[in-house]
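K.L.:
for reference, the sequence and a predicted model appear below.
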Amino acid sequence: MDITKRLSVLLITAVTAVSLVSCGQATSSKVSSDSEVSSVVNAKVSAWDNLNDKEKDFYKGLEKKGHTIDKDTGYVYIDAAGFQDDWGRTYGNEGIVITYWFGNEE
């Protein structure tokens, strides 16, 4: 191989290597002792995680009474059959009644 071909191959290799190098801002890997590092990135927080301890205790009490809690959406419901609401209305076999809700969705 003559010198021109060798230099061309070397030049193409050098240009390719340089183009693969990141051109962004340098970042530091230092973490201060006050920093909190999470191993979970972009994790979806459930509605349940937004409740304080007193609120969680209240809903746990409802769960013990037979209510079902969907901790992701915040719906608290019970089978409708025989359910009587705070105003004295008794439901028949109509599915479920959402009794409480602590979610963030509209």
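P.N.:
Good, I have the coordinates. Numbering: from 1, shown residues only.
K.L.:
given the strand or helix carrying V76, what are its sheet partners and their directions?
P.N.:
Following DSSP states H and E, one finds V76 within strand 75-79. Each strand pairing with strand 75-79, determined using DSSP bridges, is listed with its direction: strand 68-69 (antiparallel), strand 96-101 (antiparallel).
K.L.:
and those: which comes nearest D86?
P.N.:
Closest approach to D86 among these (Cβ to Cβ): strand 96-101, 9.5 Å. Yep, even glycine has a C-beta here, placed from its N, CA and C like the rest.
K.L.:
just the buried positions in the closest one, please.
P.N.:
The neighbour-count check on strand 96-101 (16 or more other Cβ atoms under 10 Å) flags V97, T99 as buried.
K.L.:
likewise stretch 53-69?
P.N.:
Applying a neighbour-count criterion of 16+ other Cβ under 10 Å, one finds Y59, L62, H67, I69 buried in stretch 53-69.
K.L.:
surely the second one and V76 touch.
P.N.:
Yes: the pair L62 and V76 qualifies as a contact (Cβ atoms under 8 Å) at a distance of 6.0 Å.
K.L.:
so what sits against both of the two?
P.N.:
Contact with both L62 and V76 is made by residues I69, T99, Y100, according to Cβ atoms under 8 Å, 6 or more residues apart in numbering.
K.L.:
wouldn't I96 be in contact with Y77 here?
P.N.:
Yes: I96 sits in contact with Y77 when judged by Cβ under 8 Å, with a separation of 4.6 Å.
K.L.:
where does pLDDT dip in this protein?
P.N.:
Residue ranges of the chain with pLDDT under 70: 1, 7, 9-11, 14-44, 94, 105-106.
K.L.:
now the helices for it?
P.N.:
Applying DSSP state H to the chain gives helices spanning 3-20, 53-64.
K.L.:
burial count for G74?
P.N.:
When neighbours are counted by other Cβ atoms under 10 Å, G74 registers 20.
K.L.:
kind regards, and thank you for your time.
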